[in-house]
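Asker: Here's my sequence, what's the structure:
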Amino acid sequence: MHGNAIVDSFTRAAVVHETRFVVISENVAHRSIGHMFYIQNGDETMNAFVNNLAVEAISGTDFGVFQSKLSPSLAPGIHEAFDCTKVSEGM
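Answerer: Prediction:
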């Protein structure tokens, strides 16, 4: 992944998950909810993050920043917690 601009992402800019020998380089991430550049499990090896820039990471609890532009329903699970009682009632 090289030379991208990731802007207003609802979940991260780049995730490396169970992957080896990947180079994430010269990317810019701006206004993303959560971690910008992320290694998922920790068993990923021989990957490189080179010359990336992350600006204005937003906490999931600060979701109101996006509400003026987009509907909260576009990001399920970020704005409100999952209600486990609804699942158990159906059993």
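Asker: Which stretches in this structure count as helices?
Answerer: 64-67, 85-89 (DSSP state H).
Asker: For Met36, which non-adjacent residue is closest in space?
Answerer: Excluding the flanking residues, the one nearest Met36 by C-beta to C-beta, 6 or more residues apart in numbering is Ala54, at 3.5 Å. Every residue, glycine included, has its C-beta placed from N, CA and C.
Asker: The one you found pairs with what?
Answerer: Beta-bridge partners recorded for Ala54 (DSSP bridges): Ala29.
Asker: what number of residues lie near it?
Answerer: Residues lying near Ala54 (other C-beta atoms under 10 Å) number 16.
Asker: ok now do it, which residues does it touch?
Answerer: Residues near Ala54 by C-beta atoms under 8 Å, 6 or more residues apart in numbering: 13, 29, 32, 36-37.
Asker: Return the member of these nearest to Val50.
Answerer: Phe37 (10.7 Å; C-beta to C-beta).
Asker: Just give me the neighbour total for the closest one.
Answerer: Count around Phe37 with other C-beta under 10 Å applied: 19.
Asker: distance of it from Ala48?
Answerer: Phe37 sits 11 Å away from Ala48, going by C-beta to C-beta, to the nearest Å.
Asker: picking up where we left off before, just the buried ones among the contacts of Ala54, please.
Answerer: Taking 16 or more other C-beta atoms under 10 Å as the criterion, what is buried in those is 13, 29, 32, 36-37.
Asker: Using a markdown table, lay out those together with distance to Ile58 and pLDDT.
Answerer: Below are those laid out as a markdown table (distance: C-beta to C-beta, whole Å; pLDDT from 0 to 100):
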| residue | distance to Ile58 | pLDDT |
| --- | --- | --- |
| Ala13 | 12 | 87 |
| Ala29 | 11 | 92 |
| Ser32 | 7 | 83 |
| Met36 | 10 | 88 |
| Phe37 | 15 | 89 |
